[in-house]
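Q: Have a look at this fold, sequence not included:
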């Protein structure tokens with residue numbers, strides 16, 4: 001009887017080892033470091049990084065356009081001076097500044 005149990009156990013060792021290896025590799029294929037779940041997370045990160053890169057590239061193009069517009073060939077120096085004073089809220093000492101009262105709004 002003991003011999004029959006040993007024979008049956010020997011017959012089960014191969015399939016059990018095969019099933020254990022199959023389970024191990026199957027689990028790693030889905031949940032492992034390079035598994036399907038990790039790849040999905042990496043794809044999401046890649047899409048976020050690409051959208052951020054697109055936004056930065058648009059911002060870069062906008063600034064390049066602004067800088068190109070400020071070059072000596074494309075804008076008059078007096079226009080540049082006027083725009084700079086308006087943005088900085090400064091006045092030239094030779095300018096005449098007239099303060100206007102605040103406008104009344106009817107509510």
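A: Arrived safely, thanks for sending. The model shown is predicted, which means the values in this text are computed figures rather than measured ones.
Q: Next, find the distance separating residue 80 from residue 91.
A: To residue 91, residue 80 is 16 Å away according to C-beta to C-beta, to the nearest Å. In short, each C-beta sits where N, CA and C put it, glycine included.
Q: neighbour-wise, which of the two wins?
A: Taking neighbours as other C-beta atoms under 10 Å, residue 80 and residue 91 compare with residue 80 leading, 14 against 11.
Q: tell me what the lengthiest helix in the chain is packed against?
A: For the chain, the helix with the greatest residue count under DSSP state H is helix 36-69. For helix 36-69, the packing partners by 3 or more C-beta pairs under 8 Å, 6 or more residues apart in numbering; DSSP states H and E come out as helix 2-31.
Q: Taking their axis directions, the helix it packs on and helix 36-69 sit at what angle?
A: Per axes from the mean of the first three to the mean of the last three C-alpha atoms, to 10 degrees, the angle that helix 2-31 makes with helix 36-69 is 10 degrees.
Q: Just the buried residues of helix 2-31, please?
A: Of all the residues in helix 2-31, not one is buried under the rule 16 or more other C-beta atoms under 10 Å.
Q: What helices and strands are in contact with it?
A: The contact analysis (3+ C-beta pairs under 8 Å, 6+ apart) places helix 2-31 against helix 36-69.
Q: what is the rounded mean pLDDT of stretch 24-36?
A: The average pLDDT for stretch 24-36 rounds to 91.
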